[in-house]
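1. kindly return the folded structure for what I paste below:
(one chain, ligands or ions: 1)
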Amino acid sequence: MSNVLAIDLGASSGRALLGKYHDGELSVTEIHRFDDYVIDHGDGHLSWDIELIMDHIYESMAQAEASHGFDSLSVDSWGVDFGLLDQEGHLIANPVHYRDKRTDGIPERAAEILSHAEIYEETGIQILAINTLYQLLAVKWHEPDVYERAETYLHIPDLIHYLLTGEKYAERSMASTSQLFSPHSLEWSDNIREAFDLKPSLFAPLIDAGEKVGVLNTDRATELGVAGKPVLTCASHDTASAIASIPSDTPATFLSSGTWSLIGKELSKPFLTDERLFSNEYGAGNITLLSNLTGLWIIQQLREAYSQQGQDYTYREIAQLASEAEDLHAYIDVSDERFAEPGEMIQKVQDYLAETKQPVATEPGDIFRVVYESLALTYRQVLEEMESRLDNDQTGEVLYIVGGGTKATILNQLTANATQKTVHIGLSEGTGVGNILLQLVALGEVASLEDGRQLVEPLLQDELAGSAIYEPQDNAQWEVKYQEFIAKGSR
Ligand SMILES: C[C@H](O)[C@H](O)[C@@H](O)C(=O)CO
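-> Alright, predicted model coming up:
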């Protein structure tokens, strides 16, 4: 019998879930939710307000204690970002946001030292400017004084675990997002470190999901009466914890749907392609081969843009408008760099449509529909690219979707239509539940993650009450749309 506290930090909001495992049954309650922890410094500079996040984590502990109490805690978050500690172990500054402009031009400069092909060969990670490697190089090359002071780099969950326990570790699923890690050896890549002459001290000892980091030992923990409770690793990368919550007996084809869309397959070993199409991240004990796509961020940004014009839409209203919208047969390339950057999203979608000589959507519902359809068709494109390269036994008829994006039911159906796969809906709080399952494994309450995944089905029954499967519809029509998309909107 254990109660575990999962802190799940997303790029748009964070939440604390209390998982109660009693008599072989798991129940999960959300006890705290918070947002607004991005600091916008202007001129394209963004950081994460770590003090505010820590306040909410202590608030979550207080709520958990006021509820049923908790036996352990673990934090997961978005990938790639990190904090730098100095020699005394002090955080030098707030962690910088992956959308910060500091990495502009860095991948190109890095390629003069080690080609993109060599970096991919070593790390199995797609070349994206947000990657930790490029962020660290931005510090080294543009802020040498900060680089000099920096002794250790820690990803967000590792940093928070350190601030709670004083112990410095790097959990492997998160390390695998960095482009400083080898999916072949599952260790930090000496080749990358040496090629870019990065200080060895920056790299904390690696640790697996499901291990003990230390115990809560801060003054605030003492004040709350929670000092001494263990802090454990889950799969600290939120995508990896989300995939851990998929109730599949066999390696799954997955879409982790949220601000980002991470679509791919669970594999037993890395799979590299000459075209550097997919990332080989490390999950909870397996490789998660995936493509990292700008996901519902575009919808979130459209919503904000309409709000600035005085039109406030709930996500339910957005889905409704999109489902009633005209089918314009118009598509965007969701991976076009302009859509990854904040601001002016209505204009950006319209500009893209005009530039590619497609009907320009003007009504909000039409614009939302263009984005939803383009996402769904991009999922098909990625899965086709993947499945055409993998062995037959690694292809699948079922696609599992987990994460907050599952609430966009229109996107679930469009994804089934576009991919021609049966879509099984997982938990909207899959990440937090994956975090909980891995803590239960660490505590010895559940024998393995496979056993833990069996606990998810009853949670799904509670959440979805029967609407958990979407079958593909209108196959012929979607075949036509896919060809149109490949011509106008594909990446
Ligand atoms: C930076 C992104 O958050 C990251 O690449 C992605 O993998 C993720 O963590 C989505 O939640």
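
2. all contacts plus neighbour counts: C-alpha atoms, from now on.
-> Fine.

3. what does the protein have sitting close to the ligand?
-> With Cα under 6 Å from any ligand atom as the criterion, the chain comes near the ligand at residues Trp78, Gly79, Val80, Asp238, Thr239, Trp260.

4. ok and the residue in the stretch 201-350 of the chain nearest the ligand?
-> In the stretch 201-350 of the chain, no residue comes nearer to the ligand than Trp260, which is 5.1 Å away by Cα to the nearest ligand atom.

5. can you pull the contacts of the nearest residue to that residue once chain neighbours are set aside?
-> With sequence-adjacent residues excluded and distances taken as Cα to Cα, 6 or more residues apart in numbering, Trp260 is closest to Gly295, at 4.2 Å. Residues near Gly295 by Cα atoms under 8 Å, 6 or more residues apart in numbering: Ser257, Gly258, Thr259, Trp260, Ser261, Val334, Leu375.

6. in strands, which of those fall?
-> Ser257, Trp260, Ser261 (DSSP state E).

7. tell me the confidence at the residue of the stretch 201-350 of the chain closest to the ligand?
-> Trp260 is assigned 94 on the pLDDT scale.

8. need the contact list for it.
-> Contact partners of Trp260, counting by Cα under 8 Å, 6+ apart, are Asn292, Leu293, Thr294, Gly295, Leu296, Trp297.

9. buried subset of these?
-> The neighbour-count criterion (16 or more other Cα atoms under 10 Å) marks Asn292, Leu293, Thr294, Gly295, Leu296, Trp297 among the contacts of Trp260 as buried.

10. so which of those sit within helices?
-> Restricting the buried ones among the contacts of Trp260 to those inside helices, with DSSP state H as the criterion, leaves Trp297.

11. pipe the buried ones among the contacts of Trp260 into TSV and attach distance to Thr177 and pLDDT per row.
-> TSV is the format used below for the buried ones among the contacts of Trp260 (distance: Cα to Cα, whole Å; pLDDT from 0 to 100):
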residue	distance to Thr177	pLDDT
Asn292	11	94
Leu293	14	95
Thr294	16	92
Gly295	17	95
Leu296	20	96
Trp297	19	96
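
12. show me which of the buried ones among the contacts of Trp260 is closest to Met54.
-> Using Cα to Cα, Trp297 is the member of those that sits closest to Met54, with 24.6 Å.

13. who wins on neighbours among the contacts of Gly295?
-> Leu375 (29 neighbours; other Cα atoms under 10 Å).

14. in contact with the residue of the stretch 1-150 of the chain found nearest the ligand, which residues are there?
-> Of all residues in the stretch 1-150 of the chain, Trp78 sits closest to the ligand, at 3.4 Å by Cα to the nearest ligand atom. The contact partners of Trp78, taken as Cα under 8 Å, 6+ apart, are Leu9, Gly10, Ala11, His237, Asp238, Thr239.

15. where's the dip in pLDDT among these?
-> Ala11 (92).

16. report the contact partners of it.
-> Applying Cα under 8 Å, 6+ apart to Ala11 gives the contacts Ser77, Trp78, Thr259.

17. which residue, other than its chain neighbours, is closest to the first one?
-> Residue nearest to Ser77 in three dimensions, not counting chain neighbours: Leu9, with 4.5 Å by Cα to Cα, 6+ apart.

18. hmm, that neighbour is touching Asp76, no?
-> Yes - judged on Cα atoms under 8 Å, Leu9 makes contact with Asp76 at a distance of 6.1 Å.

19. between these two, who's got more neighbours?
-> The residue with more neighbours, out of Leu9 and Asp76 and counting by other Cα under 10 Å, is Asp76; that gives 31 against 25.

20. can you give me the pLDDT of that one?
-> Looking at Asp76, its pLDDT reads 98.

21. and Asn392, by the same measure?
-> Looking at Asn392, its pLDDT is 71.

22. just use 65 as the starting number from now, easier for me
-> Sure thing, new numbering starts at 65, so read that last one as Asn456.

23. tell me the spacing between Ile224 and Val139.
-> Ile224 sits 7 Å away from Val139, going by Cα to Cα, to the nearest Å.

24. neighbours around Ser179, how many?
-> Using other Cα under 10 Å as the criterion, the residues surrounding Ser179 number 14.

25. so for it, what's the pLDDT?
-> 97.

26. could you tell me the phi and psi values at it?
-> Taking degrees, to the nearest 10, you get phi -70, psi 160 for the backbone angles of Ser179.

27. looking at the protein, which helix or strand does the model trust least?
-> Ranked by mean pLDDT, DSSP states H and E, the weakest helix or strand in the chain is helix 520-528, scoring a mean of 88.

28. list the buried residues for it?
-> By neighbour count, with 16+ other Cα under 10 Å as the criterion, the buried positions of helix 520-528 are Val520, Glu521, Leu523, Leu524.

29. what lies in contact with it?
-> Around helix 520-528, the neighbours that count as contacts under Cα under 8 Å, 6+ apart are Leu90, Ser91, Ser309, Ile310, Pro311, Gly490, Leu491.

30. now, which of those residues lie within helices?
-> In helices, judged by DSSP H, none of the contacts of helix 520-528 are found.
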